[in-house]
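Q: okay, predicted coordinates and the sequence, questions at the end:
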Amino acid sequence: MRKFAACAAVSVCAGLALGVTPGEWTHATEADFADGEFASTVVNSLGEISLSRQVTILAPSSAAPAVVSAVAPAGKMIYFASGSGSAIYRIREGKTEQFAKTPGAMVCSLLWTGRELLAGVGGQEAGIYTLDRRGGAKCRWSDPNVKYVWAMVPGERGTVYAATGAEGAVYAVDKEGKAQAVYRTGQLAKNVLCLARSKSGLIYAGTDENGLVIEIDPAAKTGRVILDAEEKEIAAVAPDESGGVYAATSDAAKAAEEGAVEPAAAKGGKPQPATAPRKEPPNTGPASRPGLSPRGFQAAIERALKTSTTGKAGADTPSMRSDPAELAAATKPRPAPAPAARPPRAPPAAAPEEEAGNAVYYVRPDGLVTTVLRKPLTILAMKLHEGKLILATGNGGCIYSTSPDGQDVTRIADTDAKQVTCLAVAADGRIVFGAANKGSVGALEKELAKEGTFTSKALDAKQIAKWGTVRVESFAGPGAAVAVATRSGNLAEPNDNTWSRWSNDQPVGESFVPVSSPAGRFLQYRLKLTAQNSPPVVQAVGIVYQVGNLPPVISSLTLKASGASREGEQESPDRPQAFRHLAITASDANGDKLTYSLFFRQVGTESWIKIADKLEAPNYVWDTQSVGDGTYQLRAVASDSPANPPESAAEASRISSPFEVDNTTPAISLAAKIEKGAVALSGQAVDAGSRIVSIHYAVDSNTDWTAVLPADGIADSPRERFEFRLDDLQEGSHRIAVKAADLFGNTGYATVTVTIGK
């Protein structure tokens, strides 16, 4: 981690003199800082913390609807719309007021043309409405087959292009209200969700269902698919100066679940907004359902509304996740010009980092597609502004900035809303955004904040710890500064009533800063960044701590009888199992290196006899041929002495269950009796330590053995009688051998010679 590694090594070496190896927390990546709280600060994909753009809350949740569906800066005023109703609001001279009420169930989009405000409305009275200065709404255009006007972009000579559903089409509407469809999606999509217009006059449209981006020539009324994304929805499109197009996806199935920790800083724990926390109670109702695209939860809200025209809860409102059959029943399809055939789906070029989630794609002017960004969240809006892509996201309510190549990704704002639903760029360069759950309107100012803080999550030492030093690697130019403060506690959740007070802010520099907080299990640090001219940058944070030495823990001690004399040796089934393979499972809370000692004793005696000492590996092979037969126990001792001085070293021990050592072969008595040319054999196998497990005989052979059952039919005791008869022996002398094996593979033998005939 840059120059930090050398510093960390010095800390550890210094701690060794104390006898216990210190622990260290090191934060140097975006993921390391992700669960902290950012207040006027941001972290980029390189893991650098810096001051964010100033965030101004223009309309707090107490003055805004549950869902802000659209924003439209208009000079010194800002208009915003309700996605959970049909109201339009205005922010004028810092005050929020309801400006207008449109027909329909909800306002899907707003457009300020420079002269007038237009509202795209969804529901029974869907269409484009013109708002006069007093808030009066006059329908400019409607169509019985249009249920939603999801987006609008201005064209030439007062023409407005409208993205509609639920029979996906793009219309050109002139200032007199005359309209014509310049493109219909047909069976490819139910809704055109977003629009953008290039300088050359081409229209780019993003759809639901199949995640298509369509390039439309409005003059020729033709279009072609230029992107078939693997995600289901295209939430935003943005053409660039070179003729390429960026497309952002909003597939709820690709996003992390609400409340889940998202990798690469997609969600920062429970961050506070950049301004003072808003204390209004959270909005509830249909809009609080996580994981939906903005159009999806707008549709869900509309279904819950009772309209005056139908008296039913949004009977004609499709959902972005509805079954196709349900959608077909809700809307009448009509013939549409056949769009260009969908190109074969091919995976785009690999993203800079391999992650699941939604994506920002770039369709180059030559048609090739690359992946700029992929994160496990929903991308609900996107703007190309001053050479950066600005992304509004759900599942965390964050706004991101990324370079067009995706190499520099920064979370530039973190709200206390669940979703940031819409973006607009004001004439003065501010980025205005709307949010949902909690609904609000805010602005990212052009200037950076002069002061900001980053507060880490509670760091867990697992035990009461003594705090060492904190090292902050940072760069601060003239007039800039970075300071650090800490607090500690013994409850996992930081609380002013249960934790220590924050220490004084201490300037950071090249040296290690002592942590003055009292000993405890948990520690939290807070970075304060201030700037007058150039902003400071924090690159890494390291904190050294030390817990008291804790003894090791032996969780298991296992033994296995084996004929192999060392680990890894293949065991022969005929070899006596005189060896015990020992395995120790041990751990140390301090992470200390352990050594092991082994002892044995015979059951009934008190003294332990050492087998091995200072073993570095937690396994051993014990040769039991050095002891007599009997019942024994083993004791394993784990010690952390390699990492601690003698006076503070600790150890733990564990005693095995009793086990048998039996290295004595069974004794066999054997008798033979010749009866009418046959041989009747009988005898007994007796073992001193374990039960007999098998009996075999062989006639005139050392290899051809035949099994014999004990007289009672089961080999289950140390003493087994046996008898068998040989009827087919030829005349002459024969050697008959009997062998018996015990549980540990010890085998005893007996032989008898008989003569058949003369």
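A: Great, that's in hand. Keep in mind that what you see is a predicted model, and the values were worked out from it rather than measured.
Q: where does the stretch 501-650 of the chain have low pLDDT?
A: By pLDDT under 70, the low-scoring segments of the stretch 501-650 of the chain are 510.
Q: as a check, name the ranges of all strands in it.
A: If you assign secondary structure with DSSP state E, counting those that start in this stretch, the strands in the stretch 501-650 of the chain sit at 506-507, 513-514, 520-530, 537-547, 553-562, 579-587, 595-602, 609-615, 619-623, 630-639.
Q: contacts for the next helix or strand after the last one?
A: Of the helices and strands lying after strand 630-639 in sequence (DSSP states H and E), the nearest is strand 651-655. Contact partners of strand 651-655, identified using CB atoms under 8 Å, 6 or more residues apart in numbering, comprise 551-554, 556-557, 584, 586, 633-641. Where C-beta positions appear, they are placed from N, C-alpha and C, glycine not excepted.
Q: how about 10 Å then?
A: Strand 651-655 is contacted from outside by 550-557, 584-588, 594-597, 599, 601, 608, 633-641, using CB atoms under 10 Å, 6 or more residues apart in numbering.
Q: now the buried members of the residues you listed.
A: 550-552, 554, 557, 584, 586, 588, 594-597, 599, 608, 633-641 (16 or more other CB atoms under 10 Å).
Q: residues of the biggest strand by length in the chain that come out buried?
A: Determined from DSSP state E, the single longest strand within the chain is strand 459-475. Neighbour-count burial for strand 459-475, counted by 16+ other CB under 10 Å, picks out 459, 461, 465-474.
Q: hang on, the earlier thing: can I get the strands of the stretch 501-650 of the chain in a markdown table with distance to N497?
A: Shown next, in a markdown table, are these (distance: least, CB to CB, whole Å):
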| stretch | distance to N497 |
| --- | --- |
| strand 506-507 | 24 |
| strand 513-514 | 26 |
| strand 520-530 | 15 |
| strand 537-547 | 24 |
| strand 553-562 | 34 |
| strand 579-587 | 35 |
| strand 595-602 | 45 |
| strand 609-615 | 50 |
| strand 619-623 | 50 |
| strand 630-639 | 41 |
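Q: quick one: closest of those strands to D728.
A: strand 553-562 (39.3 Å; CB to CB).
Q: quick one: strands adjacent to that closest one?
A: If you go by DSSP bridges, strand 553-562 pairs up with strand 579-587 (antiparallel).
Q: and the strand it pairs with with strand 609-615, angle?
A: Strand 579-587 and strand 609-615 are oriented at 50 degrees to each other (axes from the mean of the first three to the mean of the last three CA atoms, to 10 degrees).
Q: would you mind measuring from A59 to I390?
A: Distance, A59 to I390, by CB to CB, to the nearest Å: 20 Å.
Q: more neighbours: those two, which one.
A: Legend: neighbour count by other CB atoms under 10 Å for A59 and I390, higher for A59 (25 against 22).
Q: of the strands of the stretch 501-650 of the chain, which approaches A28 most closely?
A: Of those, nearest to A28 by CB to CB is strand 537-547, at 4.0 Å.
Q: can I get that closest one in CSV? Just the C-alpha atoms.
A: Extracted in CSV, the C-alpha atoms of strand 537-547 (Å, rounded to 0.1, in the frame of the first residue of the first chain):
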residue,chain,number,x,y,z
VAL,A,537,-6.4,13.8,0.0
VAL,A,538,-6.2,10.9,2.4
GLN,A,539,-4.7,7.7,0.9
ALA,A,540,-4.4,5.3,3.8
VAL,A,541,-5.0,4.9,7.6
GLY,A,542,-3.3,2.4,9.9
ILE,A,543,-4.0,1.9,13.6
VAL,A,544,-1.8,-0.3,15.8
TYR,A,545,-3.4,-2.0,18.9
GLN,A,546,-2.5,-4.7,21.4
VAL,A,547,-4.6,-7.0,23.4
